[in-house]
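Trainee: Quick one, structure for this:
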Amino acid sequence: MTFTAGATSAAGDPIADAKLVARLLGPDQVTRELRLAREDKHWTGTLDAVQQPGDYAIEITADKAGKPLGAARGEFLVLDQDVELSNPAADYDQLARLAALTKEAGGRPVAPEQLAALLRDIRDRPPQMDVEVQTKWQLGDTPRDAWTFFLLLVALLTGEWFLRKKWGLV
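Mentor: Presented below is the predicted three-dimensional model:
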């Protein structure tokens, strides 16, 4: 949110050497100072984000050479609005598109009046739940396979060493 402030004389002329201070007062009554930037005849401030919903106020004080010129206060309200709940009506076109995506598995749009008949239909004809799962065996997948492979490898190396020793090749 962007806001502007300024200090003017009684004739409406801007006071160039006025010092403005802006403070934000939140709903938890914590005050924090806001940054202001000079732009031509006025000052501009930006409020990046508020943390919680509630009543907020921006208070601006102006002084010139330590002498107070005046103060102003602006208030605003931040609503706690849930976008999902802002339109509670059902979107029948969206529901029909979702049902079309699952048509192969029996998806279809059902009106609220047809819910009882649909529940009876589901109860009388439960869907087939045969799910084909592909399994893949890999050497060393289980501890038993790993130990078997390890012991077989050790036995082969031991046998090879024993035969080389017996034949005098070592």
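Trainee: ok, residues contacting the lengthiest helix in the chain?
Mentor: Ranked by residue count and defined by DSSP state H, the top helix of the chain is helix 143-166. For helix 143-166, contacts defined as Cβ atoms under 8 Å, 6 or more residues apart in numbering pick out 139-140, 170. C-beta: built from backbone N, CA, C; applies to glycine.
Trainee: Mind putting these into a markdown table with neighbour count?
Mentor: Output for the contacts of helix 143-166, formatted as a markdown table (neighbours: other Cβ atoms under 10 Å):
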| residue | neighbour count |
| --- | --- |
| L139 | 9 |
| G140 | 12 |
| V170 | 9 |
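Trainee: which SS class is Q94?
Mentor: For Q94, the assignment made with DSSP: H, G, I helix; E, B strand; the rest coil gives helix.
Trainee: burial measure for it, as a count.
Mentor: 9 (other Cβ atoms under 10 Å).
Trainee: Model confidence at it, what's the number?
Mentor: Q94 carries a pLDDT score of 89 in this model.
Trainee: Alpha carbons only: can I get the one helix or strand R123 maps to in CSV?
Mentor: Assigned by DSSP states H and E, R123 falls within helix 115-124. The C-alpha trace of helix 115-124 is given here as CSV (Å, rounded to 0.1, in the frame of the first residue of the first chain):
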residue,chain,number,x,y,z
LEU,A,115,-27.0,-39.3,-4.4
ALA,A,116,-29.1,-41.9,-2.6
ALA,A,117,-29.4,-44.0,-5.8
LEU,A,118,-25.7,-43.7,-6.4
LEU,A,119,-24.9,-44.9,-2.9
ARG,A,120,-27.3,-47.9,-3.4
ASP,A,121,-25.6,-48.6,-6.7
ILE,A,122,-22.1,-48.6,-5.1
ARG,A,123,-23.3,-50.8,-2.3
ASP,A,124,-24.9,-53.4,-4.6
